[in-house]
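S.K.: Using only what follows, build the 3D model:
(chains A and B)
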Number of protein chains: 2
Amino acid sequence: MKFQIEQAVEMLSRTPATVKSLLGNLSDDWIENAPDSKNWSPFDIVGHLIHGEETDWITRAEIILGQAENLTFESFDRFAQFEESKGKTLNELIETFAELRTKNLVNLREMNLTEEKLKLKGIHPELGEVTLEQLLATWVVHDLNHIKQLVTVLAYKYAENVGVWKQYLSILQ
Amino acid sequence: MKFQIEQAVEMLSRTPATVKSLLGNLSDDWIENAPDSKNWSPFDIVGHLIHGEETDWITRAEIILGQAENLTFESFDRFAQFEESKGKTLNELIETFAELRTKNLVNLREMNLTEEKLKLKGIHPELGEVTLEQLLATWVVHDLNHIKQLVTVLAYKYAENVGVWKQYLSILQ
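M.R.: Numbers count the residues shown, from 1 in each chain, chains lettered A, B, ... in the order given. Down below sits the predicted model:
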């Protein structure tokens, strides 16, 4: 699919409502991971989305558009949420994510991105040269990836309750 | 997690809003699968959810609760939606799914399910003996499974646009 900024925004603007629909006011049994789980909890996942809004996507787009001497992004801390989300409720995190996303989509719109600007490049600290278009497409897929992770974590709560049906449910494999 | 009917309903009642948030009024480019795709399109997936509401979950629960002589379920037609959804728009399917789910959750509530009733058994045509509790847990996980499928199909639209980031995005593997 050809990248078009309006279609990227179309998907990015939906994620807060999807996250709220899946998790908002959900009872504790659904939300809590087993203490020994290696999976992120819903709480961790929304915290990670928040950290991306605060430090990753728009910040990196600004670096690319600025075309300053140093085009290298800061590394994204994939574990920052474990510290930053402490003491907050899941509903608070969901609201914070929605507010940040709205603000960031305003920022994005104000960049007035053209096809030429989308071809500008920055340097990813591990992956090397990347374009603004790739960054924005990744923002979209990153959202979808974490919605997938959310439904997988939720599904696992019933991994044993489904009995013999387990073999038909690819999400539990 | 111990199965509790209220928690199952809590999750089942959210799915129509989640599906609508992901797909409602989405532009055609996002919705259309490549003609040669082996994946189901969003259209096929919502059609499949509708068929489940019409013929699977509540129907099978009624067979189990009836405890008639023949406790064997009909096979579920996993491809019925390709015929039944013809001529409908995705938005129409999303609304139909929401209406059927609401109706079915009323039906479920009217069954006044107790721990004893949840232990009653039916016969799955391929899997053999299953309990009502397993059927209802499977209904929940089946929803989550197809939300996962939806976000995966959407993410694949940008599989190439993300460039070198692809290796970091497990949804594209």
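
S.K.: ok, longest helix in chain A?
M.R.: Ranked by number of residues, the top helix in chain A under DSSP state H is helix A:132-156.

S.K.: Which residue ranges of chain A form strands?
M.R.: Along chain A, the stretches classed as strands by DSSP state E are A:121-124, A:128-131.

S.K.: Which of these has the highest mean neighbour count?
M.R.: Highest mean neighbour count of these: strand A:121-124, a mean of 19 (counted as mean count of other CB atoms under 10 Å in any protein chain shown). For the C-beta atoms, the positions are set from N, CA and C on the backbone; glycine is no exception.

S.K.: Do any residues in that strand lie close to chain B?
M.R.: Yes. Applying CB under 8 Å from any CB of the partner chain, one finds strand A:121-124 in contact with chain B at A:His124.

S.K.: Just the CA coordinates for that strand, please, in PDB.
M.R.: Extracted C-alpha coordinates of strand A:121-124, given in PDB (Å, rounded to 0.1, in the frame of the first residue of the first chain):
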ATOM      1  CA  LYS A 121      16.500  10.700   6.400                       C
ATOM      2  CA  GLY A 122      17.600  10.200  10.000                       C
ATOM      3  CA  ILE A 123      20.000   7.700  11.600                       C
ATOM      4  CA  HIS A 124      18.600   5.000  13.800                       C
END
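
S.K.: any residues touching it, and which ones?
M.R.: Residues outside strand A:121-124 that contact it (CB atoms under 8 Å, 6 or more residues apart in numbering or on different chains): A:60, A:63-64, A:71-73, A:129-132, A:135, B:164-165.

S.K.: pLDDT added to those residues, as JSON lines?
M.R.: What follows is the contacts of strand A:121-124, written out as JSON lines (pLDDT from 0 to 100):
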{"residue": "A:Arg60", "pLDDT": "96"}
{"residue": "A:Ile63", "pLDDT": "96"}
{"residue": "A:Ile64", "pLDDT": "96"}
{"residue": "A:Leu71", "pLDDT": "91"}
{"residue": "A:Thr72", "pLDDT": "92"}
{"residue": "A:Phe73", "pLDDT": "93"}
{"residue": "A:Glu129", "pLDDT": "97"}
{"residue": "A:Val130", "pLDDT": "98"}
{"residue": "A:Thr131", "pLDDT": "98"}
{"residue": "A:Leu132", "pLDDT": "98"}
{"residue": "A:Leu135", "pLDDT": "98"}
{"residue": "B:Val164", "pLDDT": "97"}
{"residue": "B:Trp165", "pLDDT": "97"}
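
S.K.: Of the residues you listed, keep whichever come out buried.
M.R.: A:60, A:63-64, A:71, A:73, A:130-132, A:135, B:165 (16 or more other CB atoms under 10 Å in any protein chain shown).

S.K.: List just the nearest of these to A:Thr114.
M.R.: Checking these against A:Thr114 with CB to CB, the nearest one is A:Leu132 at 10.4 Å.

S.K.: Show the contacting residues for the closest one.
M.R.: Contacts of A:Leu132 (CB under 8 Å, 6+ apart): A:61, A:64-65, A:113, A:117-122.
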